[in-house]
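Undergrad: predicted model and sequence follow; I will ask about them next.
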There are 2 protein chains.
Amino acid sequence: MVSDIKERLVSAGVQPTRIRLALARIIFDGEHKHITAHEALAALQKRNLRPSLASVYNTLNHFHEMGLLGRVTIDGGSARFDTRLEPHHHIYNEDTGELTDISADSVTVKGRPRMPRGSKLKSVDVIFRIGSKG
Amino acid sequence: MVSDIKERLVSAGVQPTRIRLALARIIFDGEHKHITAHEALAALQKRNLRPSLASVYNTLNHFHEMGLLGRVTIDGGSARFDTRLEPHHHIYNEDTGELTDISADSVTVKGRPRMPRGSKLKSVDVIFRIGSKG
DNA sequence: AATCTGATCTAGAACAATTCTAAAATGGAC
DNA sequence: GTCCATTTTAGAATTGTTCTAGATCAGATT
């Protein structure tokens, strides 16, 4: 429901403005996705909303900072905002650009590197790079 | 020695031209590094060579394709060309941007994801993201 | 050494992703 | 409604990288 989404934004500390709500409805539709800013803009335009690209970036980045979205960037391509919030990893197809999720349980990273004093581990990202050709 | 470097390029299938040799001498000086195109250009300029930035990119990319360099890009920043060729992983400090190596033995990735038919695993990249603040 | 030919290098334009800026619109509290 | 802080906007600016078309180079051949 609409109010669910609103509630979700509010409880994440995000003011539920028009664009944020519209974007949130598109993004949090229940399907896990990896969406770029341009794709998000296109989806909004399909609903006859015409926010500026800057707003889309602002909003997606904001959602990310507030913990509502992950963000994955590979090899200098566009940032992809990730609606799956549980820790997980990715398979990246270098030939097609396709990015898919793998649950964190199917992969175990064993061993913690010696880290500089005073630093804190924030996350461990694992990317399996595959090729579809050959 | 100079001829060592030349030999190295040739045996990797790279024609040893002036710029390539100069870059190779800077890059393969025995210290492992993560160098950006701009840093490489600056290093060349310090030796009174003035190649175009495009040539530096061409050369670094070429070295990468020929297996002489790795390439790491994080969060949409500049590509960093990695002189360590053995499989290994990275620690990325989100506050300072610093990138350091971890040997592949200190980390074990256990479990292979179910991969699409016909695809081939090329590499497994692990990034430990840390913060120095707080 | 002069010549040839394909590979390389150049300067600058072009491109793509993202952020910045300054001004206009909006939202919620009064 | 009025206010003030927060958002949003359009477009410029920035950054990183690649493309283009022409100039130059490296190595083989005369």
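TA: Nice, I can see it.
Undergrad: note down every partner strand of the strand of greatest length in chain A and its orientation.
TA: Ranked by residue count under DSSP state E, the longest strand found in chain A is strand A:120-131. Note on strand A:120-131: by DSSP bridges, its sheet partners are strand A:88-93 (parallel), strand B:120-131 (antiparallel).
Undergrad: and those strands: which comes nearest residue B:16?
TA: Checking the strands paired with strand A:120-131 against residue B:16 by C-beta to C-beta gives strand B:120-131 as the closest, at 27.7 Å. C-betas here are computed from N, CA, C, even on glycine.
Undergrad: buried residues in the closest one?
TA: Using 16 or more other C-beta atoms under 10 Å in any protein chain shown as the test for burial, strand B:120-131 gives B:124, B:125, B:126, B:127, B:128, B:129, B:130.
Undergrad: and for stretch A:96-111?
TA: Using 16+ other C-beta under 10 Å as the test for burial, stretch A:96-111 gives A:99, A:100, A:101, A:102, A:107, A:109.
Undergrad: the closest residue to residue A:35 other than its chain neighbours: what secondary structure?
TA: With sequence-adjacent residues excluded and distances taken as C-beta to C-beta, 6 or more residues apart in numbering or on different chains, residue A:35 is closest to residue A:81, at 5.3 Å. For residue A:81, the secondary structure call by DSSP: H, G, I helix; E, B strand; the rest coil comes out as strand.
Undergrad: I figured residue A:81 hits residue A:71, correct?
TA: Yes. Contact criterion C-beta atoms under 8 Å: residue A:81 and residue A:71 qualify, at 5.6 Å.
Undergrad: give me the more crowded residue out of these two.
TA: When residue A:81 is set against residue A:71 and neighbours are counted by other C-beta atoms under 10 Å in any protein chain shown, the residue ahead is residue A:81, at 24 against 16.
Undergrad: in contact with that one, which residues?
TA: For residue A:81, the contacting residues are A:27, A:34, A:35, A:36, A:37, A:40, A:60, A:63, A:64, A:69, A:70, A:71, by C-beta atoms under 8 Å, 6 or more residues apart in numbering or on different chains.
Undergrad: residue A:39 is in what secondary structure piece?
TA: Per DSSP states H and E, residue A:39 falls inside helix A:37-46.
Undergrad: just the CA coordinates for that helix, please, in PDB.
TA: Written as PDB, here are the backbone C-alpha positions of helix A:37-46 (Å, rounded to 0.1, in the frame of the first residue of the first chain):
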ATOM      1  CA  ALA A  37      19.900   6.400 -12.200                       C
ATOM      2  CA  HIS A  38      19.000   6.500 -15.800                       C
ATOM      3  CA  GLU A  39      16.800   3.500 -15.600                       C
ATOM      4  CA  ALA A  40      15.100   5.000 -12.500                       C
ATOM      5  CA  LEU A  41      14.500   8.200 -14.500                       C
ATOM      6  CA  ALA A  42      13.000   6.300 -17.400                       C
ATOM      7  CA  ALA A  43      10.700   4.400 -15.100                       C
ATOM      8  CA  LEU A  44       9.500   7.700 -13.600                       C
ATOM      9  CA  GLN A  45       9.000   9.200 -17.000                       C
ATOM     10  CA  LYS A  46       6.800   6.200 -17.900                       C
END
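Undergrad: can you give me how far it is from the chain middle?
TA: Relative to the chain's own centre, helix A:37-46 is displaced by 15 Å; criterion: C-alpha atoms, centre = their mean, to the nearest Å.
Undergrad: if we can go back for a sec, and DNA strand C, which of the strands paired with strand A:120-131 is closest to it?
TA: strand A:88-93 (15.3 Å; C-beta to the nearest atom of the strand).
Undergrad: other SSEs contacting the next helix or strand after the closest one?
TA: Downstream of strand A:88-93, the first helix or strand assigned by DSSP H and E is strand A:99-103. Helices and strands touching strand A:99-103, by 3 or more C-beta pairs under 8 Å, 6 or more residues apart in numbering or on different chains; DSSP states H and E, are strand A:88-93.
Undergrad: repeat the analysis, applying 10 Å as the threshold.
TA: Judged by 3 or more C-beta pairs under 10 Å, 6 or more residues apart in numbering or on different chains; DSSP states H and E, the packing partners of strand A:99-103 are strand A:34-35, strand A:80-82, strand A:88-93, strand A:120-131.
Undergrad: can you lay out those as a markdown table showing mean pLDDT and distance to residue A:49?
TA: Below are the helices and strands packed on strand A:99-103 laid out as a markdown table (pLDDT from 0 to 100; distance: least, C-beta to C-beta, whole Å):
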| stretch | mean pLDDT | distance to residue A:49 |
| --- | --- | --- |
| strand A:34-35 | 98 | 15 |
| strand A:80-82 | 98 | 18 |
| strand A:88-93 | 96 | 30 |
| strand A:120-131 | 94 | 32 |
